[in-house]
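Novice: pasting a predicted model and its sequence here:
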Amino acid sequence: MEGELTERPRPVCVLGVGRSGTSLVARTLNLLGVDLGREDTMLAASEVNPKGYWEQREAVELNGEILAALGGDWWCPPARPAGWELGDDMAVFRDRISDLVDRYFAGSGRWGFKDPRTTLTLPLWRSVVGEFDYVVCMRNPLEVVASAEGVSEAFDPVALWLYYGCEALRLTAGRRRIFVFYEEWLDGADRVTRRLGQFLHGPDWTPGEDARGRAAAEWDPSLRRRRATDLELAERVDVPVEARTLHFVSRALAEAERMGDERARALQAFAAALDEDAVVRSQPR
């Protein structure tokens, strides 16, 4: 929840399925003072993401190896039973996470990282680093499908969106987090920047002209390939009801947590039930 800051700022972890605005959020956090590591060791920008991914290449590769060791991949999430992160077979990865954090972020006032795969591997990172503050990125699944078109034919993007969304909500329940919905950038990049800044630095934080301008400039409306409304999603009977439900539940949950509303607990329980009952694991075709 959007709770109080700790005395010593925790690192920040950006969660969410790919194509949901995680790169935009990560870069904005960076401009607001979060150390993401050296730019020359990050994944390079591409045609798919021309403004950059803002992901450390080594962290991405490490997450991929963790998922492979568990028998899956980012597009085919492996089974992860309770306590998997503490198993002896994960010891080598715990050591590598510790080494990576030491090499990239030793001495950082506040650091963070982003890789959508972390939505699946978070318990392992948390077992080494400790608690994070979380930014959960959400986007209308119809837009995610359109944005991912041509990237891969190996997975069902709606099923993957649902799985990652459920995992992000489940793993951050009861912890300090903030939701950012992709369309919020279109409605007002300044407002999103202010919310993120206050999440990082406290409710009295006000962005300076330079920080506000640079962060807002990261938002490029021309990169939004598809604009889908909530009404359109609600009427799409070809989209699984679990996906449509999660979209609206996550919106209500975000608003309840922002207002400190007691309904947040009930909404979180409902979202968790979706994760338990829905067949959401994406499988290769």
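Specialist: Sure thing, it's come through. Residues are numbered from 1 along each chain as shown.
Novice: going by C-alpha atoms from here, please, whenever you check contacts or count neighbours.
Specialist: OK.
Novice: what ranges do the strands span in the stretch 1-150 of the chain?
Specialist: In the stretch 1-150 of the chain, the strands defined using DSSP state E, counting those that start in this stretch lie at 12-15, 112-114, 133-138.
Novice: give the partner strands of the last one in its sheet and their orientations.
Specialist: Strand partners for strand 133-138, identified by DSSP bridges, are recorded as strand 12-15 (parallel), strand 177-181 (parallel).
Novice: tell me the buried residues in the helix or strand following the longest one?
Specialist: Next along the chain after strand 177-181, taking DSSP states H and E as the criterion, comes helix 183-201. Along helix 183-201, the positions that meet the burial threshold by neighbour count (16 or more other CA atoms under 10 Å) are 183, 185, 189-190, 192-201.
Novice: re earlier: take the strands of the stretch 1-150 of the chain and write them to TSV, including mean neighbour count, mean pLDDT and distance to Arg126.
Specialist: Below are those laid out as TSV (neighbours: other CA atoms under 10 Å; pLDDT from 0 to 100; distance: least, CA to CA, whole Å):
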stretch	mean neighbour count	mean pLDDT	distance to Arg126
strand 12-15	26	98	10
strand 112-114	23	97	13
strand 133-138	25	98	11
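Novice: what's the span of stretch 254-270 from first residue to last?
Specialist: With CA to CA, to the nearest Å as the measure, the ends of stretch 254-270 fall 14 Å from one another.
Novice: and the helices in this structure?
Specialist: 22-31, 57-69, 91-105, 118-129, 141-148, 157-172, 183-201, 209-217, 230-235, 241-259, 263-277 (DSSP state H).
Novice: any idea which of the ones you listed scores lowest on pLDDT?
Specialist: Lowest mean pLDDT within the helices of the chain: helix 209-217, a mean of 69.
Novice: count of neighbours near Asp238?
Specialist: Using other CA atoms under 10 Å, Asp238 has 7 other residues around it.
Novice: can you pull the pLDDT of it?
Specialist: Asp238 is assigned a pLDDT of 92 by the prediction.
Novice: from Asn30, how far off is the closest residue to Val129 other than its chain neighbours?
Specialist: Using CA to CA, 6 or more residues apart in numbering and skipping the chain neighbours, the partner closest in space to Val129 is Ser98 (7.4 Å). The gap separating Ser98 from Asn30 is 22 Å, by CA to CA.
Novice: who has more neighbours out of those two?
Specialist: Using other CA under 10 Å as the criterion, Ser98 and Asn30 rank with Asn30 on top: 19 against 13.
Novice: report the separation between the residue lying closest to the more buried one once chain neighbours are set aside and Tyr104.
Specialist: Distance criterion CA to CA, 6+ apart; nearest residue to Asn30, sequence neighbours excluded, is Leu36 at 6.4 Å. According to CA to CA, Leu36 stands 8 Å off from Tyr104.
Novice: with neighbour numbers in mind, choose between these two.
Specialist: More neighbours surround Leu36 than the other of Leu36 and Tyr104, with 24 against 16 (other CA under 10 Å).
Novice: am I right that the more buried one is in contact with Asp115?
Specialist: No. In this structure, Leu36 is not within contact of Asp115 by CA atoms under 8 Å, at 11.4 Å.
Novice: who touches both of the two?
Specialist: Common contacts of Leu36 and Asp115, defined by CA atoms under 8 Å, 6 or more residues apart in numbering, comprise Glu55.
Novice: in stretch 236-252, which residues are buried?
Specialist: Within stretch 236-252, the residues scored as buried using 16+ other CA under 10 Å are Glu242, Ala243, Arg244, Thr245, Leu246, His247, Val249, Ser250, Ala252.
Novice: and the third one, what is it in contact with?
Specialist: Arg244 makes contact with Leu233, Ala234, according to CA under 8 Å, 6+ apart.
Novice: wait, Arg179 touches Gly165, no?
Specialist: Actually, residue 179 is Phe. It isn't Arg. No. With contact defined as CA under 8 Å, Phe179 and Gly165 do not form a contacting pair (11.5 Å).
Novice: okay, and the common contacts of these two?
Specialist: Contact criterion CA under 8 Å, 6+ apart; residues shared by Phe179 and Gly165: Met138.
Novice: torsion angles phi and psi at the closest residue to Gly52 other than its chain neighbours?
Specialist: The shortest distance from Gly52 to any residue other than its chain neighbours is 4.0 Å, reached at Ala45 (CA to CA, 6+ apart). The phi/psi pair for Ala45 (degrees, to the nearest 10) reads phi -60, psi 160.
Novice: quick one: Ala45 and Arg214, what's the gap?
Specialist: According to CA to CA, Ala45 and Arg214 sit 18 Å apart.
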